[in-house]
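Enquirer: show me how the following folds:
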Amino acid sequence: MIRPLDFLFGQATAIQSIILGAALGLMMMPLGASAEMDTVDRSALAGLEAVENSGYMEFYQHAELGSFQFKSIYIEPVRNEMPDRQVYDLRLRPEYVDELAIDFHATMLEVFDATGLLTDEPSENTLIISPALIFVTEYEEQTTGSHLGGARIQDRIRGNTIMEMTWRAGPDGTMVAALRDGRTPHIYAPVSDREDRFTDARDAFGLWASEFASFFGPEPSSEMN
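Expert: Numbers count the residues shown, from 1 in each chain. Purely as a prediction, here's the structure:
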């Protein structure tokens, strides 16, 4: 059975530090903390409590989160919620963001598979995770000549990625958590794939998937207490 999420989210900052510093080694930085969720109406958040210093741009959780007994997890397809106006302003195409949403979902499924909690048939005892891709920019290299190692570090423009997510108790059930987060690699962080203009976005997907999946590890044994 999944441990109470209020305990798990209490470990978010420590888990995030481990993942950022060791597991992924991406030197990903959070975007500015000032934000407002786009995909969740403020009235829907009325029953949730805002969590300060969570490490996310915004994070809300149910006051009685520990009372929900989840036995499985279902991850819905990631929605593309990036406004077309922004897409075209950045000289992108909506289908590019659609493809990234599919990749984000596949990454979530792949990483969460190790928890042994995924299900294809959600029930009232299933935690429903509903992610949405809100914003993405490209990785760019600005050069005025040829460089054997690619663009100089100071000439690289790292990609920004923002997502939102809600967690519900069963299909169409009570919302138990909602969050918004944005990530971009530090300018000096390694570039995973210089041929992929969305390489930084895909790295962010891996970071989020690993971080959230780590909330659902096994309970500590008595020998470790």
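Enquirer: packing partners for the longest helix seen in the chain?
Expert: What stands out as the longest helix in the chain, according to DSSP state H, is helix 94-112. Counting contacts by 3 or more Cβ pairs under 8 Å, 6 or more residues apart in numbering; DSSP states H and E, helix 94-112 packs against strand 72-75, strand 79-80, helix 84-89, strand 126-136, helix 199-214. In short, each C-beta sits where N, CA and C put it, glycine included.
Enquirer: make a markdown table out of these and add mean neighbour count.
Expert: Shown next, in a markdown table, are those (neighbours: other Cβ atoms under 10 Å):
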| stretch | mean neighbour count |
| --- | --- |
| strand 72-75 | 20 |
| strand 79-80 | 20 |
| helix 84-89 | 12 |
| strand 126-136 | 22 |
| helix 199-214 | 22 |
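Enquirer: for the ones you listed, which one sits closest to residue 172?
Expert: Relative to residue 172, the nearest member of the helices and strands packed on helix 94-112 by Cβ to Cβ is strand 126-136, separated by 8.6 Å.
Enquirer: please export the C-alpha coordinates of that closest one as PDB.
Expert: Taking Å, rounded to 0.1, in the frame of the first residue of the first chain, the C-alpha atoms of strand 126-136 are listed here in PDB:
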ATOM      1  CA  THR A 126      -6.200   4.400  -7.300                       C
ATOM      2  CA  LEU A 127      -4.200   7.600  -7.200                       C
ATOM      3  CA  ILE A 128      -4.900   9.300 -10.600                       C
ATOM      4  CA  ILE A 129      -2.000  11.500 -11.800                       C
ATOM      5  CA  SER A 130      -3.000  14.000 -14.500                       C
ATOM      6  CA  PRO A 131       0.000  15.900 -15.900                       C
ATOM      7  CA  ALA A 132      -0.100  18.800 -18.400                       C
ATOM      8  CA  LEU A 133       2.700  20.500 -20.300                       C
ATOM      9  CA  ILE A 134       2.300  24.200 -20.000                       C
ATOM     10  CA  PHE A 135       5.300  25.800 -21.600                       C
ATOM     11  CA  VAL A 136       8.500  24.800 -23.400                       C
END
